[in-house]
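J.: All I have is the shape, not the residue letters:
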């Protein structure tokens, strides 16, 4: 159960981009298309999971004073492997778009941060789940940003041009005029800023709604029953 | 391949600014730009480390990673050690660069503390953060692989100068951003936009303004 929690809570509650604001450089640089975003998330997650597991396995033998240097070497080793695999597997267009951001995974503070904050204190299996969970959160964030930037900025999805769809006189998908600036550098900043604010607004509203629901219940009903009920609901919500 | 100092300076500071056009060094750009004094300290520390790191990685690339060619010799090959056909570029570049930068940052910190304590007091707290600053590593990679001539990269003196200019570009972006954020802190920003989201949007508008420098003096980078 706790292993599952190591995985499930992380994509949303500890989202590396929108909650912790880590790993911003690749997030903004490669999200021009969904395909690039997915490739970047896959490469980063592979490094994150492998580094987490190895750091966790070695945690008893790494001297405390030089631990950061050791983590960096471990991460750099896996980044080199991923680099070579990407050169062989990924389409040339994706490789060109990711460019120096594949070797730059080595300085992604998200990966070093997880090695230091989680993997160095937990066993290999929880570290594996932590890597997968944080990686999934990174993927979600990149998907959200690249979806907006590709669909609105270029009028394509996964490289395919979006054509207007009309069924029985009803327009299901209107004609999209590309807003080119979203595909360029300023668009990346604007999209992530707006999405960041949107997620915060949703979070604030949910917190306020929870507080508003909790407050009148306490003075009105003196018995123990509704409080227990409320606590039970909270527990289930956290588990989901 | 003939690149002049002026072309590099205008290119790195204005046209393809590290932060606003190349998306490098965003963590300090948003993390350390709440106060102008912090932003200037971080910017100066980055200029310092990036110049040295660019020089060292350019030397490393030409004389240890690349195979011997008419323009440069591989030192390992000169010593009679085996060098594979493509050199060690693919296997060792990432690892050697990050190690060089990490060691360099530690070294600079120690030297500054012993020799120039006043400068150390001003920059000291920013130095450890620079190891994981992707701008330094990114600059080293850009100097050695993405600059027009993919085989040789920039020569060492130009790489050093380009590193310095990249750092100046970073300082300019940090200074502008911190000025904007100091003012924003006193404005009634909607709750959901406070701090980071509005900083991203300000960064976007700055990037939009910097796009106006594209093709300045006919320089394309």
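T.: Here it is on my side, so go on. On a predicted model such as this, the values are computed, not experimentally measured, just so you know.
J.: Is the helix or strand harbouring residue B:96 in proximity to chain A?
T.: Applying DSSP states H and E as the criterion places residue B:96 in helix B:89-115. Yes. Helix B:89-115 is in contact with chain A by C-beta under 8 Å from any C-beta of the partner chain, via B:90-95, B:97-99, B:102. Where you see a C-beta, it was placed from the backbone N, CA and C, and this is true even at glycine.
J.: Which pair of these spans the longest distance?
T.: The most widely separated members of the residues of helix B:89-115 next to chain A are B:90 and B:102, with 21.0 Å between them, by C-beta to C-beta.
J.: The two - which one has more neighbours?
T.: Taking neighbours as other C-beta atoms under 10 Å in any protein chain shown, residue B:90 and residue B:102 compare with residue B:102 leading, 20 against 14.
J.: Could you list the low-pLDDT ranges of chain A?
T.: Counting by pLDDT under 70, chain A shows low-confidence ranges at A:1-3, A:5-6, A:8-9, A:172, A:176, A:216-240.
J.: Only the buried residues of the helix ranked longest in it, if you could.
T.: Longest helix of chain A, by residue count under DSSP state H: helix A:185-220. Buried residues in helix A:185-220, counting neighbours by 16 or more other C-beta atoms under 10 Å in any protein chain shown, are found at A:185-197, A:199-200.
J.: What helices and strands are in contact with that helix?
T.: helix A:24-29, helix A:124-154, helix A:225-239, helix B:196-210 (3 or more C-beta pairs under 8 Å, 6 or more residues apart in numbering or on different chains; DSSP states H and E).
J.: Most tightly packed of those helices?
T.: helix A:24-29 (a mean of 26; mean count of other C-beta atoms under 10 Å in any protein chain shown).
J.: Tell me if that helix is near chain B.
T.: Yes. For helix A:24-29 and chain B, the contact criterion (C-beta under 8 Å from any C-beta) is met by A:24-25, A:28-29.
J.: who are the neighbours of that helix, in terms of helices and strands?
T.: Applying 3+ C-beta pairs under 8 Å, 6+ apart, we find helix A:24-29 packed against helix A:124-154, helix A:185-220, helix B:26-31.
J.: What average pLDDT does the lengthiest helix in chain B get?
T.: Across chain B, the longest stretch assigned as helix under DSSP H is helix B:156-184. Averaged across helix B:156-184, the pLDDT comes to 92.
J.: Would that helix count as contacting chain A?
T.: No. Helix B:156-184 lies apart from chain A when judged by C-beta under 8 Å from any C-beta; the minimum separation is 11.0 Å.
J.: chain center to that helix, what's the gap?
T.: 9 Å (C-alpha atoms, centre = their mean, to the nearest Å).
J.: Please point out which parts of it sit buried.
T.: B:156, B:158-174, B:176-178, B:180-181, B:184.
J.: Stretch A:115-125 too?
T.: Neighbour-count burial for stretch A:115-125 flags A:115, A:118-120, A:122, A:124 (criterion: 16+ other C-beta under 10 Å).
J.: what does stretch B:118-131 give?
T.: B:120, B:122-123, B:126-127, B:129-131.
J.: Just flag the most distant two among those residues.
T.: Greatest spatial distance among those (C-beta to C-beta): B:122 and B:131, at 18.6 Å.
J.: Just give me the neighbour total for residue 108.
T.: Answering for chain A, as no chain was given. Look at residue A:108: counted by other C-beta under 10 Å, it has 27 neighbours.
J.: Please refer instead to chain B.
T.: Counted with other C-beta under 10 Å, residues neighbouring residue B:108 total 19.
J.: picking that back up, from the buried residues of stretch B:118-131, which is closest to chain A?
T.: Within the buried residues of stretch B:118-131, proximity to chain A (C-beta to the nearest C-beta) peaks at residue B:131, which comes in at 7.7 Å.
J.: Quick check, the closest one in contact with residue B:102.
T.: Yes. Judged on C-beta atoms under 8 Å, residue B:131 makes contact with residue B:102 at a distance of 5.0 Å.
J.: what's the overlap in contacts for these two?
T.: residue A:72 (C-beta atoms under 8 Å, 6 or more residues apart in numbering or on different chains).
J.: who's in contact with the residue nearest the centre of chain A?
T.: Nearest to the mean C-alpha position of chain A, by C-alpha atoms, centre = their mean, lies residue A:138 at 1.8 Å. Residue A:138 sits next to A:16-17, A:23, A:41, A:44-45, A:48, A:110 when contact means C-beta under 8 Å, 6+ apart.
J.: rerun that using 7 Å as the cut-off
T.: Applying C-beta atoms under 7 Å, 6 or more residues apart in numbering or on different chains, we find residue A:138 in contact with A:16-17, A:23, A:41, A:44-45, A:110.
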